[in-house]
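Novice: below is the structure, and that's it, no one-letter string:
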C-alpha cells in the first residue's frame, strides 16, 4: 500500500507540464505597456473555464474597464490574447517567467514591450477595516440622527451598514435596508430612462423639445424653438430655479406645471451658463410620459426598479410611511434636533421623488459601473452610460481644495476629478434628508450615503473618507476640516442675523388702512398668493399652502415673520404697490433672486365676471343724445357706444371696469346708471326707460 504522502507526490508528477503552466497563468496581472509617450497601465484577469479561457482587461487612463479578451492561448510558457472589438487587432504575445509575463504588444502594425506581474488576490473590503468606528463617531458632531452607507468594488457590494437612528422617538435603528428619500439623485434615473429611449430611436438628445411636445412654450420664442432634450437635463436652459412654483404644491398636474414655464423669465441665454433647474427635469419626465404613453413612475419601475431588484424603492413618502423600515427626517435648530414633516414631491417626481435604501441603491450603482449591464442583462448600451458620464455644461466655479478639479455637468450627473481620479456623482437634499451617490468609474468603486438630517454635509464627508481608503490615497482629515468650516459659517450667519434689522427704515407708516392689503394676488407662472387680515390689524400670507405671518417692516413693505412649523418664507419681503387710482393693486416678492421680483396682481371681485350678477345691468343707456348698449359676451361685459367700436370691460380691483384699449377710461355700474370716468371728467349714462 502506498503512503498518503507518496500518493500525493505521484499524482502531482502525473500532471502534464503544460497544465501546470496553465494553472500559473490564472489570476490577476498588473503591469504596463511601454509606449513612446510613457507607460500605459493595464490590469488583466485570466480564468480557466474547463478547457477554454476567458478574461478581461482594464485600462484606467482610457476609462476602459473589464473589456473582454479573446483568442486566449496558453502553450507551455507561451501566453497570448487579444482585446475583443478594438480596431487594429491589439494583441499580447508573452512568455511566463516566474511570476511575470514579458513580451510584445502589437496593434495596427506597431509593436511595444509589456511586462505583467502577478497580483495576489485581495479582499476588496480590506481597506474598510474599522470603518464602523469612524462612521458612528461622526453622527453626534454633525447633529445627524442616522446614516446608512454602501460601498461597491470589483463588481459587488463589499460593505452595507446603518448607524444611529432612523426614528428618534421610537429609538429605531438605521439599517442598510432603511428607506430614505434620495432627492435629486432621482435625476439620473430620469436621464437613464431618456437614454434608453434614445438607444431605441424613440427620441433624440439634440432634437427640440417641441418635436415631442408640440404644445411646449417657454418665456421667449428662441427658448421655445431651440430648447433640446439634452438642454433639459444639463441645466443650461437659461432659466434659474423658480422652485417656489412647485414647492409644497401638489394641486398642479405635471402638464400644468410645464404650462407655467411660458410665464417664467430666463436669467441667461440658452446654453450660456450652468443654472440648476428642477423644472427642466420635470419637463424631461413629462416628455418621457408623452413619448411612451405611460407615467414616469411606471417607466422607471418597469425599466429600472424591476430588473435591478429594487422591490421596495418607491416614489411617494406616503408609500415609504407604510414600510416598517423607513426613516423620519430631522433638522438641527440651535443645538436641538427637531423632526421635520415629510414634504411630498409627487408631481415633481422626475426631479427628485425616489425613496430607496443603500442596499437597493447599490444595485443601481453596479449598473452604472457596469456600463449598463446588471447580472448579465444589458439595460442600456454602454455608449449611453458613457454619454451620461461625459461633461456637457461647464460649472463656472473653482473648488476651494486643490485636490479637486473644476466641475461640470453631464446628463443627470456632476463630473469632476477627485485627487486624480474621475468622479461622477449626484447629491440629493429634500426636507429632513441628505443623500449622495458617488461613482469612480475608472476604479470600479462606488459609495452610497443616505442620511436623515436636513442639508447635512455628512454624506460628502463619509464618501470622501471611504474613497481615500478604497483608492489607496493618503489619509486626509475631511471630517475635521469640514466641521471647522461649518462652525465658522455658523458664526458668520449668527452675526449677520443680528444685523438684519439695520436695513429697516424706522418711523414709517402704511399708506393704506390694513384691510386694503388683503386679497388674492395672482401671477400666471407662480399662481395665487393670498393675503388675509387677521384680528388686531395683523396680516398673514398663504402660498402653496404654506402660511406665514407678516410684520410691518417699513412704508408698504411687510416681512415674513417666524413660523416654527414651516420657515420657508421667513424674512421674505412683500412690497405692496399702489396704482394711480389709489388702489393696492399688487405685491412684489423675490421668489426667484436671479430675476426681477415677482409681481402678483390683485384679483378683481369674482362677481364682475358672473353672468347672473351682471344680468340686471344689461340693456340700453342714454347720455344726452349719445346712446349706448351694455351686453354680455361670455363672462365679459361689452359697452357699445353709437358711432364707436364696442369696448370690452375688464374688471378692476376696486369694482370699476377698464375700457380695453383705452388708457385712463373706466366705467362703474351703479343701479340704473353707468358712470364713465375719463381724463376730462365723469360722465353718467342712464338706463333707457
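Specialist: Cool, the structure landed. Since the structure is predicted, the reported quantities are computational estimates derived from the model, not experimental observations.

Novice: looking at this structure, which helix or strand does the model trust least?
Specialist: Lowest on mean pLDDT, DSSP states H and E among the helices and strands of the chain sits helix 4-14, with a mean of 33.

Novice: give me the residue at the spatial middle of this protein.
Specialist: residue 184 (3.1 Å; CA atoms, centre = their mean).

Novice: checking that residue next. Helix, strand or coil?
Specialist: Secondary structure, DSSP: H, G, I helix; E, B strand; the rest coil: residue 184 is helix.

Novice: what do you get for the one 4 residues further on?
Specialist: Recorded secondary structure, residue 188: helix (three-state DSSP).

Novice: how about residue 342?
Specialist: Recorded secondary structure, residue 342: coil (three-state DSSP).

Novice: which residues sit in contact with it?
Specialist: Residue 342 makes contact with 317-318, 321, 329, 431-432, according to CB atoms under 8 Å, 6 or more residues apart in numbering. (C-beta placed from N, C-alpha, C; glycine too.)

Novice: quick one: which of these is nearest residue 545?
Specialist: residue 431 (13.9 Å; CB to CB).

Novice: distance from the host helix or strand of residue 58 to the middle of the chain?
Specialist: Element membership for residue 58, per DSSP states H and E: strand 52-59. Relative to the centre of its chain, strand 52-59 is centred 37 Å away, using CA atoms, centre = their mean, to the nearest Å.

Novice: one more: stretch 320-335?
Specialist: Its chain's C-alpha centre and that of stretch 320-335 lie 20 Å apart, by CA atoms, centre = their mean.

Novice: check which residues of that stretch are buried.
Specialist: Neighbour counts over stretch 320-335 (16 or more other CB atoms under 10 Å) mark 320, 325-332 as buried.

Novice: likewise for stretch 550-560?
Specialist: For stretch 550-560, a neighbour-count test (16+ other CB under 10 Å) marks 550, 552-554, 556-560 as buried.

Novice: what segments of the stretch 201-350 of the chain are helices?
Specialist: Using DSSP state H, counting those that start in this stretch, the helices of the stretch 201-350 of the chain run over 221-226, 229-232, 254-259, 278-292, 296-300, 306-308, 317-321, 349-352.

Novice: immediately after the last one, which helix or strand?
Specialist: So that's helix 349-352. Next along the chain after helix 349-352, taking DSSP H and E as the criterion, comes strand 355-356.

Novice: counting contacts, what elements does that next one pack onto?
Specialist: For strand 355-356, the packing partners by 3 or more CB pairs under 8 Å, 6 or more residues apart in numbering; DSSP states H and E come out as strand 180-181, helix 317-321.

Novice: point out where the chain drops to low pLDDT.
Specialist: Applying pLDDT under 70 to the chain flags the ranges 1-23.

Novice: mind checking the longest helix of it?
Specialist: helix 478-498 (DSSP state H).

Novice: now do the buried residues in the helix or strand just after it.
Specialist: Next in sequence after helix 478-498, counting helices and strands by DSSP H and E, comes strand 519-523. For strand 519-523, the neighbour count (16+ other CB under 10 Å) marks 519-521, 523 as buried.

Novice: related to what we said a few turns ago, biggest separation within the buried residues of stretch 320-335, which pair?
Specialist: It's 325 and 332 that sit farthest apart of the buried residues of stretch 320-335, by CB to CB, at 23.9 Å.

Novice: over to residue 363: give its phi and psi.
Specialist: With angles defined as degrees, to the nearest 10, residue 363 sits at phi -60, psi -40.

Novice: what residues are up against it?
Specialist: With CB under 8 Å, 6+ apart, residue 363 has these contacts: 308-310, 374.

Novice: please pick the buried ones from those.
Specialist: Among the contacts of residue 363, the ones that count as buried by 16+ other CB under 10 Å are 308, 310, 374.

Novice: can you put those in TSV and add distance to residue 604?
Specialist: Formatted as TSV, the buried ones among the contacts of residue 363 follow (distance: CB to CB, whole Å):
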residue	distance to residue 604
308	54
310	51
374	58
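
Novice: which one among the residues you listed gets closest to residue 106?
Specialist: Lowest distance from residue 106 to these (CB to CB) belongs to residue 374, with 34.7 Å.

Novice: distance of that closest one relative to residue 99?
Specialist: Separation of residue 374 from residue 99 (CB to CB, to the nearest Å) stands at 35 Å.

Novice: try residue 87
Specialist: With distances taken as CB to CB, residue 87 is found 32 Å from residue 99.

Novice: cool, and residue 382?
Specialist: Distance, residue 382 to residue 99, by CB to CB: 33 Å.

Novice: swap in residue 164?
Specialist: Separation of residue 164 from residue 99 (CB to CB): 46 Å.

Novice: ditto for residue 363
Specialist: With CB to CB as the criterion, residue 363 and residue 99 are 36 Å apart.

Novice: same check on residue 111?
Specialist: Residue 111 is 24 Å from residue 99, where distance means CB to CB.

Novice: same question for residue 345.
Specialist: According to CB to CB, residue 345 and residue 99 sit 55 Å apart.

Novice: what's the answer for residue 220, then?
Specialist: 67 Å.

Novice: next: residue 396.
Specialist: Per CB to CB, residue 396 is found 50 Å from residue 99.

Novice: among those two, which residue is more densely surrounded?
Specialist: Applying other CB atoms under 10 Å to residue 396 and residue 99 shows that residue 99 carries more neighbours, namely 13 against 9.

Novice: phi, psi of the more buried one?
Specialist: phi -100, psi 20.

Novice: also residue 74?
Specialist: According to degrees, to the nearest 10, residue 74 has phi -130, psi 110.

Novice: surely it touches residue 25?
Specialist: Yes. The pair residue 74 and residue 25 qualifies as a contact (CB atoms under 8 Å) at a distance of 5.1 Å.

Novice: who's in contact with the closest residue to residue 627 other than its chain neighbours?
Specialist: Nearest residue to residue 627, sequence neighbours excluded (CB to CB, 6 or more residues apart in numbering): residue 642, at 4.9 Å. Residues in contact with residue 642 (CB under 8 Å, 6+ apart) are 626-628.
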